[in-house]
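Colleague: Would you be able to build a 3D model of this:
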Amino acid sequence: MLDNHQKNIATFIHLSTFSRFIIPFGNFIGPLVLWISNKEKSEFIDNHGKQAINFQMSILLYAIIIGTITIPLFIFKILGNLDFIDFNGFHDFHINIGKPSPLLYIGGGLGVLMIIAFIVELALIVKASLKARDGEPYNYPLTINFLK
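Modeller: Prediction:
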């Protein structure tokens, strides 16, 4: 039987991911500290801690993948008119807004996808916190299980 203390710790494990808005990498540090210090107390806490950390690691991996695709597309578009052989070509540097490139559409679409993914991530964290508060197990969707 779960007591309120276990439910609260599991809830705070999920909510501690919001500390990234205050502390760099707080979305990893907060849940990791809470999970490591309390994982022996309950299997419920252990499962929620693993889920929160796996989800944050998966989100980081997905962001790195999308970022490595998106950033070069923008750079190729902006630097497309630059002549790298002629080092004095910087005076001719301009951005043509009148004729957008397909690379700009792809990069912009991936950027919008990242914004939508961020909003969905926040909603899933809140949902996991509510499930933990109610004493129910929760598995984040599209999560790679790094910790088993």
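
Colleague: got the contact list for the residue positioned nearest the centre of the chain?
Modeller: Among the residues of the chain, the one closest to the centroid is I59, at 3.6 Å (CA atoms, centre = their mean). Shown in contact with I59 (CB atoms under 8 Å, 6 or more residues apart in numbering): 117, 121. C-beta: built from backbone N, CA, C; applies to glycine.

Colleague: show me where pLDDT drops low in the chain?
Modeller: Filtered on pLDDT under 70, the chain yields the residue ranges 74, 76-101, 103-104.

Colleague: what ranges do the helices span in it?
Modeller: 4-15, 26-38, 43-78, 102-133 (DSSP state H).

Colleague: Please identify the deepest-packed of the ones you listed.
Modeller: helix 4-15 (a mean of 20; mean count of other CB atoms under 10 Å).

Colleague: could you measure E40 against I69, distance?
Modeller: Look at E40 and I69: by CB to CB, to the nearest Å, they are 41 Å apart.

Colleague: same check, this time on P24
Modeller: Taken as CB to CB, the span from P24 to I69 is 24 Å.

Colleague: same question, F25
Modeller: For F25, the distance to I69 - CB to CB - is 23 Å.

Colleague: do the same with A63
Modeller: Remark: distance between A63 and I69 (CB to CB) = 11 Å.

Colleague: Nearest spatial neighbour of L34, chain-adjacent residues omitted?
Modeller: I13 (4.8 Å; CB to CB, 6 or more residues apart in numbering).
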